[in-house]
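Novice: Sharing a sequence plus its predicted fold:
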Amino acid sequence: MNYESHKTDSSQIKLTMPDDNRIALIFQDFKVPEKKFVVGAISFVLLCCLTLFSILSHHAPKQSSIIEIQTSMPSLNSKHLKFVDGLLRGQFKYGTWRYINSELAGSKIKSYIQIPLKLQMEKGYQRNYIQKALCPHKNHPLWQHIQRAQLEVHLYTGYKHNSVYAKCA
């Protein structure tokens, strides 16, 4: 492309400084596009966007496939919660660690254990400890009962929202 034709002659530009705060460049032969052209261009861009949106939404997965995915997730209820409750309550019957309760949160169960003092290790090690020492092993009947739903074991000293937790596999 020849850029020479786009050069502006110095006689076509005026540099004016009306006050100290602004500088204005005035092009003598520059024409501002007409409003009709600007409105037409904006309308064309909007039409293209709407057409593209229509095409993409037409080819998007149907709502029914999303529902099928959601129904394939295990649905937890109070029966599953009681099973986990009984299991963990029995494990923490004696000693200073106390099983408090379990809660349903969508497709996972959150179990809370109150401990008298914080564990003196980094959070990564605490999570590893919870997984190895407190989570049921992979062949435990619990996993067949809750259908491989997610189980989280939370340890806390003061408030539940300050707990350290690990996801059991």
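Specialist: Right, received. Where do you want to start?

Novice: Now do stretch 120-130: everything it contacts.
Specialist: Applying CB atoms under 8 Å, 6 or more residues apart in numbering, the external contacts of stretch 120-130 come out as 119, 153, 155, 164-166. For the C-beta atoms, the positions are set from N, CA and C on the backbone; glycine is no exception.

Novice: Are we agreed that Arg89 is in a strand?
Specialist: No: read with DSSP: H, G, I helix; E, B strand; the rest coil, Arg89 is helix and lies in no strand.

Novice: May I have the beta-bridge partners of the closest residue to Cys135 other than its chain neighbours?
Specialist: Residue nearest to Cys135 in three dimensions, not counting chain neighbours: Cys168, with 3.5 Å by CB to CB, 6 or more residues apart in numbering. Beta-bridge partners for Cys168, by DSSP bridges, are Leu151.

Novice: can I assume Cys168 is in contact with His154?
Specialist: No: contact criterion CB atoms under 8 Å: Cys168 and His154 do not qualify, at 11.2 Å.

Novice: Nearest spatial neighbour of Pro136, chain-adjacent residues omitted?
Specialist: Nearest to Pro136 is Leu142, by CB to CB, 6+ apart, at 4.7 Å.

Novice: where exactly do the strands run in the chain?
Specialist: In the chain, strands defined by DSSP state E lie at 13-19, 22-27, 98-105, 108-114, 150-156, 164-168, listed in chain order.

Novice: Worst mean pLDDT among those?
Specialist: Among the strands of the chain, strand 22-27 has the lowest mean pLDDT, at a mean of 55.

Novice: Poorly predicted segments of the chain, please.
Specialist: Along the chain, the model assigns pLDDT under 70 to residues 1-33, 35, 58-74, 148.
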